[in-house]
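S.K.: this one's sequence-less:
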Ligand SMILES: [Zn+2]
Ligand SMILES: [Zn+2]
Ligand SMILES: [Zn+2]
């Protein structure tokens, strides 16, 4: 599945300062869909290069990290259960850096 | 991004904005849990800040106001919103951007570039005051001498004064800072944990220092950090978000973490903590330090010399430890204060004395 994953607000520092990643995420065998929960695991494994604790806490993003799917707050779409489709844009922004 | 707009926001589950009932919701407001669209968000965000400004009479027509600008999200959004409200509601203010150059290579020089772009984007005149000019030392030079342990003591004390001196140079009536609701809730908690009653009662005040040379106000006192960042993101505002290289762990403070955890469970908690802070009244038996002026530089001080002069004296005499760990010397509590304030370092979460609004 082709997705665009963007990091902002300082989170890009955890992935070699690259903000925009066009990625191809394999869906589990026999499944067509991907949910945000799966994507978080994938991002942590494939994109985050350092200090993963700045990004993840438990099985979700660290409090203070905002998530938007196609420019819509994921709190409106079920957070971890948000389903993703081909060409979706997922943005992670930290609110914790600087003021 | 154009593509993501074209896409139906299926992620929103097709929910409509609860204000206009027309457009699809783009975010959930932490303050009210309302689901609203982008345009309605801009309106309520800006107009709530307008209400706070009016209800608290933060500004008077004709005043000159400096916006403390770090290039970060809060002050960038503040500059954007204040200049917009000033136009829309005819505040009649002369707005300026005021930045402090601490002399931190790779951090402040980059964020100052952001502020310089903001100067053009918002058409606000910018004044930069530097530690080097004011004190003869850059933070880089100070860190070389004192190491990384106490550098934020210097940074905090010097920055506070630098902003006042810059404000005096600009001849402004007031300084507006970007402290948001999350910052203030965090400060309330930390002041409770430190038993600092004097600061606890001061830290929720929307305007402070009215008796001093330059009063300071916080138009974002009730504005959630989430909304500030969402606003900056949706409007594609240009801000700088790299951590201070001299306090790499500063923002990992447990109080911040705790606030964010609470917010996730019950977003109102942030406003409620501020409310609790506001409800504290200083008992008459708690002695507030008397304010005088520094014998050396004339800055407000409760001691013979102000904190910056004590720190500078130490630096210039090659005794940089001078003045560190005595942030709140007040009469007979002196000894206790020394202990407490050195313990404070480990729990302070935001860098550079921002606890001390
Ligand atoms: Zn709407
Ligand atoms: Zn610092
Ligand atoms: Zn002085």
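M.R.: Here it is on my side, so go on. Given the structure is predicted, the values throughout are model-derived calculations rather than measurements. Ligands and ions are numbered 1, 2, ... in the order given.
S.K.: Low-confidence stretches in the stretch 151-300 of chain B?
M.R.: B:151, B:243-252, B:281-289 (pLDDT under 70).
S.K.: which residues in it form helices?
M.R.: B:151-169, B:181-193, B:197-203, B:225-234, B:254-265, B:269-279 (DSSP state H, counting those that start in this stretch).
S.K.: can you redo these as TSV with mean neighbour count and distance to ligand 1?
M.R.: Every C-beta, even on glycine, is put in place using the N, C-alpha and C of the backbone. As requested, the helices of the stretch 151-300 of chain B are arranged in TSV below (neighbours: other CB atoms under 10 Å in any protein chain shown; distance: least, CB to the ion, whole Å):
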stretch	mean neighbour count	distance to ligand 1
helix B:151-169	22	38
helix B:181-193	24	23
helix B:197-203	19	35
helix B:225-234	23	13
helix B:254-265	18	24
helix B:269-279	17	23
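S.K.: Reformat those helices as JSON lines; add distance to residue A:88.
M.R.: As requested, the helices of the stretch 151-300 of chain B are exported to JSON lines (distance: least, CB to CB, whole Å):
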{"stretch": "helix B:151-169", "distance to residue A:88": "41"}
{"stretch": "helix B:181-193", "distance to residue A:88": "29"}
{"stretch": "helix B:197-203", "distance to residue A:88": "42"}
{"stretch": "helix B:225-234", "distance to residue A:88": "17"}
{"stretch": "helix B:254-265", "distance to residue A:88": "24"}
{"stretch": "helix B:269-279", "distance to residue A:88": "30"}
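S.K.: quick one: stretch A:78-86 near chain B?
M.R.: Yes. Applying CB under 8 Å from any CB of the partner chain, one finds stretch A:78-86 in contact with chain B at A:78, A:82, A:85.
S.K.: same for the helix or strand hosting residue B:85, what does it pack against?
M.R.: Taking DSSP states H and E as the definition, residue B:85 sits inside helix B:73-88. Counting contacts by 3 or more CB pairs under 8 Å, 6 or more residues apart in numbering or on different chains; DSSP states H and E, helix B:73-88 packs against helix B:38-55, strand B:64-68, strand B:94-101, helix B:108-122, helix B:225-234.
S.K.: Buried residues, it. List them.
M.R.: Neighbour counts over helix B:73-88 (16 or more other CB atoms under 10 Å in any protein chain shown) mark B:73-83, B:85-86 as buried.
S.K.: what's the closest of those residues to residue B:18?
M.R.: residue B:81 (22.7 Å; CB to CB).
S.K.: follow-up on the earlier one: what's the offset of the helix holding residue B:85 from the middle of its chain?
M.R.: Helix B:73-88 sits 15 Å away from the centroid of its parent chain (CA atoms, centre = their mean, to the nearest Å).
S.K.: now the angle from it to helix B:38-55?
M.R.: Angle, helix B:73-88 to helix B:38-55, by axes from the mean of the first three to the mean of the last three CA atoms, to 10 degrees: 80 degrees.
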